[in-house]
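Peer 1: Sequence plus the predicted model coming up.
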Amino acid sequence: MKDPATISTLEEAYRLVRNGFVRYVVDESRPEVRDAFDRRVLAAYSDWSQEGARSQAAILALLLEEDAAPEEGSYPLEYSQFHFLSPGYLLRNAIAKGGAETEELDALGRRLAGWPYAQILVESIVARQRGCLERLKALEAEQPHEPPRPARLKGTSASRW
């Protein structure tokens with residue numbers, strides 16, 4: 001049996017993988033697909049989400065071998081503001097939040113030095129998430145930019161009558 005601090009670190013990694021932003025977008029936010037670009041972005045999100053589900057299952061199996069049962073928990077409340085938005089519109093947020101989650105997961109992996117198998121598992125998850133993150137960055141680079149909308153005149157003025 002591993003020490004409780006190490007198991008707690010792996011449980012943190014489990015929660016981070018389970019409650020990731022991209023998984024929330026795919027599983028809960030019901031994104032509105034507007035065009036072909038949105039379909040490509042949603043496909044990238046779905047791939048990352050499926051990778052997260054596989055990673056979650058691998059971490060859970062390792063925790064169950066150690067007789068640990070992690071809390072399921074829920075997504076952060078702040079994610080609720082991202083409902084019904086297009087995948088392309090969410091791309092910048094997905095890159096920022098996904099990158100921060102990946103870096104946090106990498107830090108947790110380094111803290112697992114006393115448990116080589118868990119450390120290797122988390123490092124491989126981080127490597128796959130970085131691959132997904134690079135795919136999103138490539139999509140961001142080719143994202144079509146909408147032309148700026150003309151300024152709206154506010155109020156009324158006698159000079160316009």
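Peer 2: Yep, it's here. Quick caveat, the model's predicted, so the values are computed rather than measured.
Peer 1: which ones are touching residue 116?
Peer 2: With contact set as C-beta atoms under 8 Å, 6 or more residues apart in numbering, residue 116 has no partners. Where C-beta positions appear, they are placed from N, C-alpha and C, glycine not excepted.
Peer 1: biggest helix in the chain, by residue count?
Peer 2: If each helix of the chain is counted by residues according to DSSP state H, the longest one is helix 36-65.
Peer 1: Please name every helix or strand in contact with it.
Peer 2: In terms of contacts (3 or more C-beta pairs under 8 Å, 6 or more residues apart in numbering; DSSP states H and E), helix 36-65 is packed against helix 4-18, helix 21-27, helix 91-110, helix 116-141.
Peer 1: in that helix, what counts as buried?
Peer 2: The neighbour-count criterion (16 or more other C-beta atoms under 10 Å) identifies 37-38, 40-42, 44-49, 51-52, 55-56, 58-60, 62-63 as the buried residues of helix 36-65.
Peer 1: now do stretch 81-89
Peer 2: By neighbour count on 16+ other C-beta under 10 Å, the buried set for stretch 81-89 is 82, 86, 87, 88, 89.
Peer 1: can you check stretch 97-112 too?
Peer 2: Applying a neighbour-count criterion of 16+ other C-beta under 10 Å, one finds 97, 98, 99, 101, 102, 105, 106, 108, 109, 111, 112 buried in stretch 97-112.
Peer 1: can you tell me the helix or strand for residue 69?
Peer 2: Assigned by DSSP states H and E, residue 69 belongs to neither a helix nor a strand.
Peer 1: just checking, it touches residue 63?
Peer 2: Yes: using C-beta atoms under 8 Å, residue 69 is in contact with residue 63, at 7.3 Å.
Peer 1: okay, the angle between the longest helix of the chain and helix 4-18?
Peer 2: For helix 36-65 and helix 4-18, the angle between their directions (axes from the mean of the first three to the mean of the last three C-alpha atoms, to 10 degrees) works out to 160 degrees.
Peer 1: In contact with the residue nearest to residue 55 when sequence neighbours are not counted, which residues?
Peer 2: With C-beta to C-beta, 6 or more residues apart in numbering as the criterion, residue 55 has its nearest non-adjacent residue at 4.5 Å, and that residue is residue 125. Listed by C-beta under 8 Å, 6+ apart, the contact set of residue 125 reads 13, 17, 55, 58, 59, 105, 109.
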